[in-house]
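Trainee: Sequence and computational prediction follow.
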Amino acid sequence: MRKQHFRLGAAVLLLVSLAVPAQAVPASARQAPVGLAPAEPAVREVRLPTGDLVKVSAARAGTREGTRDGARDGAGPLVTGIQAAKRENGTPGFFTTERGENVYVVPEDALPGLTDMEPYNVTRLARGERNPRGPALGGRAKTQDGATLDLRVRAVDRFGRAARGVVGVIDVDDGSVVDYRFLPGDPAKPCTDRGSSCLRLPPGDYSVMGFVYTMPIWRNGTDTGTELHRSIVGDPELTLTEDAEFVLDARRATEVKVITPDHRTKPNRGSLSHLMYQRAPAAGPDLSQGFMLAGDQMEERVFLQPTRRVRTGTFEAYTRWRLEAPAITLSTRGARLDPDYYRPSYFSDVSAEFPRLDGRARLRLADAGGGSPRDLAGRDLRGKLALIRRSGDRSVAEQSNAAAKAGARLVAIYNDRPGLNTEASPGSRLIAPTVHLPHEQGRRLLDLLDDRPVTVDARGIIDSPYLYELVLPENGRIRSDQRHVVRSRHLARVRADYYALPGQDSVIETSRAHLRPWESVARSYMRPFFKAPRTRDEYLSPDPGTRWHAALTAPESPYNVQWPRPKTPYMLMDETDWRPYSPGERRHISWLRQPVAPGLYPLLPTARDGDVIRLVHKGFADAGGNAGDAGTSPFPDGLSADFRVYRDGELIAQTHDLPFGAIAVPPEEGAFRIEHEVENNALWARLSTRTRAVWTFRSQRSSGPVVLPLPLVGVDAPVDGHNRLRGRDLTLTPRHQQGAAKIPFRAVTLAVSYDDGATWHDARVGRNHDGSYRARLRPPHGAGTVSLRTHVEDAQGNSLIQEVIRALALR
């Protein structure tokens, strides 16, 4: 599955797609694919009024592609990617709404003052409507003798102040009435105006649910900017018979707490990624709304208002958490400290540019005032923790870097007003690791410093050996007890081995998307993964209604574009299935294990239907079964790809882009050959630098869809974390693509090269009892890599030649 990013912010949003959009390639390479017609469902790219790009697949539920083998039941198109437009303050969160087949994606910074979401209806935009307007989100109001009522709604935050928020209303009988307001709204406008804080409705039974922002205490409750946190509040089922006022009161909500007794975890920045609810009436389309968060709250906290169990239709709310070891902790006698890093995108484009504490440090505390030259004059900060009061006159970077230049090893900036402030200005890099503290905690440290010297124990962990991926649904109602004690033995555990290139401790990116049955947007955020190679235990929520799908990018790609850097390609690898997990389930997987070669895509196997061959081929397929796309890059030192299809020796299709589409072929039986070549000229590439796969098979008109018997071969090599051979024996396992007829194999051979394919030598291959084959390598002294050329052929003559230059490193 293709993963798409949005960058320019604190996090990278990963969404997975059914279909594969073409990559940009230079004009010389970007020819119209010969004989390869785009296959449905196509991925369409639409632009929001804010400039953000959204990729939308036309796949619907009820099709094999649309359900991803049962992954989703939503009626709308599948949102497959979001690429945010550049913003000075980084990437915002995104507000999503689904109503039947209509899917809305609205950047959060566009919500204030918004009265019509139709311009953000990606379903209609994907159909070609240039400026959609009108009541697609709404429906025809049912009437009761023409009677109506006015429902006035206001939002109150956790401090009891008037607040910003979103409210969604749907009648729970047949869904024929649905509406929304962005609060506080204008009370002077009529209730029929979506710019008001009032809704005109017929009497009936309704769900009135929404979200309330709580802003920092030093800001007005209805101000825009970075919120402290959010709450889901409201009533999913109430009867309205006359004019009424409804208060979305965040004070009635209960904080969601996640406790992991088996591992020490902390909600690091970006740990809370989803806040969603769905309300389905007894009949008719449902309404779902929620936020995709990107570490854009000041606190990683969320609150849910308890509700009664619904009697009509269904209701669900959920939060999504990603918990690891605390990224940074500070401790000292007599004070509680809750540090966290600022958003890296303020000060860096990639993780290597953002200073983090890695390990333990015992530091003397030093008062650095406001971090001005006058405050620092004569102060000895060498090797110390500099405590700085935030200032409106100097940026966070100016304050921190001044202390770092004076010798500070770590910098803590506390707010100059009550509460917390995590905002910062972009454009400058940091010299030393820098964290923020609430005003009260900073003042407490100063009080301690007035009495005695203060020593602070600091610990930073950048390579947590464990990860919790948790979706916590509330079904039918929201319970009053939101304390979730999560024990690892009750979860599924995926032990993931992350491999790296020889001689490199790599920074890569990982993510895991999820889908609830009613969702049409599969989304997750890319997170940096430090110190590969290593193994991580990943604990997942076991729920038959939650399907998971992991992905990886190597090397790490930029999350911002403040400083120019050379262009380079990336390997965007995905698991090739969506699956739920069971309690106690244990699974072992690997990523980036060599060799990497062109491969197929199990979710959309190469098949013939009548006189059409439909195919999706992947340029990257690693030894762990993960796959990624490879198209020709529009810059030097990138990827070069060539995909060709022949029938009876005649070229009938070719592309240098991504091989995804349909080929019309004659009905008569013919001999087919598919060739896929990928050359990786990236400066970071060390292994699998030139790969080739050649499939041969015979085919004729079919009476329906038939998966073609294309062979594959797994190469299992005993390698260390840097993909260096630890032994000399290889295991070769031939098979056919998923869904194809199983045909016995009659030939398996292996040739090896120790000079990048200039010369080849046949290796001796023997058959094992389980149907696999073994081969022993005999590398000459001084050889640095081994190249592999494998040939497999089944009893009907279907064959594969797979060639990988620099397949494995030698110790």
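Mentor: Alright, I've got the coordinates. Bear in mind that the values here come from a model prediction, so they are computed numbers and not experimental data. Residues are numbered from 1 along each chain as shown.

Trainee: Show the contacting residues for His409.
Mentor: If you look again at residue 409, you'll see it is Arg, not His. Remark: with contacts taken as Cβ atoms under 8 Å, 6 or more residues apart in numbering, Arg409 is in contact with Ala361, Leu363, Gly383, Lys384, Leu385, Ala432, Pro433. From N, CA and C alone the C-beta is placed, and that goes for glycine too.

Trainee: List the residue ranges of this structure that fall below the pLDDT cut-off.
Mentor: For the chain, the stretches with pLDDT under 70 are 1-43, 57-77, 80-81, 88-90, 134-145.

Trainee: which helix is the longest one in it?
Mentor: helix 439-451 (DSSP state H).

Trainee: can you give me the offset of that helix from its chain's centre?
Mentor: 39 Å (Cα atoms, centre = their mean, to the nearest Å).

Trainee: Ala84 is in contact with Thr91, correct?
Mentor: Yes - contact criterion Cβ atoms under 8 Å: Thr91 and Ala84 qualify, at 4.7 Å.

Trainee: Pick out whichever of those two has more residues nearby.
Mentor: Thr91 (31 against 24; other Cβ atoms under 10 Å).

Trainee: Report the separation between that one and Pro344.
Mentor: Thr91 sits 12 Å away from Pro344 when distances are taken as Cβ to Cβ, to the nearest Å.

Trainee: Equivalent analysis for Ile82, please.
Mentor: From Ile82 to Pro344 the distance is 19 Å (Cβ to Cβ).

Trainee: Equivalent analysis for Gly766, please.
Mentor: 52 Å.

Trainee: likewise Phe697?
Mentor: Phe697 is 49 Å from Pro344, by Cβ to Cβ.

Trainee: Tell me where the protein has helices.
Mentor: Under DSSP H, the chain gives helices at 64-67, 122-126, 373-376, 396-405, 439-451.

Trainee: what about Tyr559, how many neighbours?
Mentor: 27.

Trainee: With the one 4 residues further on instead?
Mentor: The local packing count at Trp563 equals 12, with neighbours defined by other Cβ under 10 Å.

Trainee: And the one 10 residues further on, by the same measure?
Mentor: Neighbourhood size, Met573 [other Cβ under 10 Å]: 27.

Trainee: so how far is Lys405 from it?
Mentor: Per Cβ to Cβ, Met573 is found 41 Å from Lys405.

Trainee: Also Val156?
Mentor: According to Cβ to Cβ, Val156 and Lys405 sit 46 Å apart.

Trainee: who touches the longest helix of the chain?
Mentor: So helix 439-451 is in contact with 332, 334-338, 365, 367, 387, 389, 412, 414-420, 437, 454, going by Cβ under 8 Å, 6+ apart.

Trainee: And these, which of them are buried?
Mentor: The neighbour-count test (16 or more other Cβ atoms under 10 Å) applied to those identifies 332, 335, 337, 365, 367, 387, 389, 412, 414-415, 419-420, 437, 454 as buried.

Trainee: can you tell me which residues contact Tyr646?
Mentor: Contacts of Tyr646 by Cβ under 8 Å, 6+ apart are Ile652, Phe672, Arg673, Ile674, Glu675.

Trainee: Looking at those residues, state which has the most neighbours.
Mentor: Within these, most neighbours by other Cβ under 10 Å means Ile674, with 25 neighbours.

Trainee: ok, the residue lying closest to that one once chain neighbours are set aside to Phe672 distance?
Mentor: Nearest residue to Ile674, sequence neighbours excluded (Cβ to Cβ, 6 or more residues apart in numbering): Trp695, at 4.4 Å. Taking Cβ to Cβ as the criterion, Trp695 is separated from Phe672 by 8 Å.

Trainee: my read: Arg647 touches Phe672, true?
Mentor: Yes - counting by Cβ under 8 Å, Arg647 touches Phe672, with 5.5 Å between them.

Trainee: Excluding chain neighbours, give the residue nearest to Asp648 in space.
Mentor: In this structure, Asp648 finds its nearest non-sequential neighbour in Gly670, 5.1 Å apart by Cβ to Cβ, 6+ apart.

Trainee: And stretch 215-223, what's buried?
Mentor: Within stretch 215-223, judged by 16+ other Cβ under 10 Å, the buried ones are Met215, Pro216, Ile217, Arg219, Gly221, Thr222.

Trainee: Is the closest residue to Leu410 other than its chain neighbours bridged to anything, and to what?
Mentor: Nearest non-adjacent residue to Leu410, counting by Cβ to Cβ, 6+ apart: Leu385, 4.8 Å away. Per DSSP bridges, residues listed as beta-bridge partners of Leu385: Leu365, Leu410.

Trainee: ditto for Glu677
Mentor: Residues in beta-bridge contact with Glu677 (DSSP bridges): Asp642, Arg692.

Trainee: the more surrounded of Gly766 and Pro344?
Mentor: Taking other Cβ under 10 Å, Gly766 and Pro344 do not tie; Pro344 has more neighbours (25 against 9).

Trainee: Grab the nearest non-local neighbour of that one.
Mentor: Phe354 (4.2 Å).
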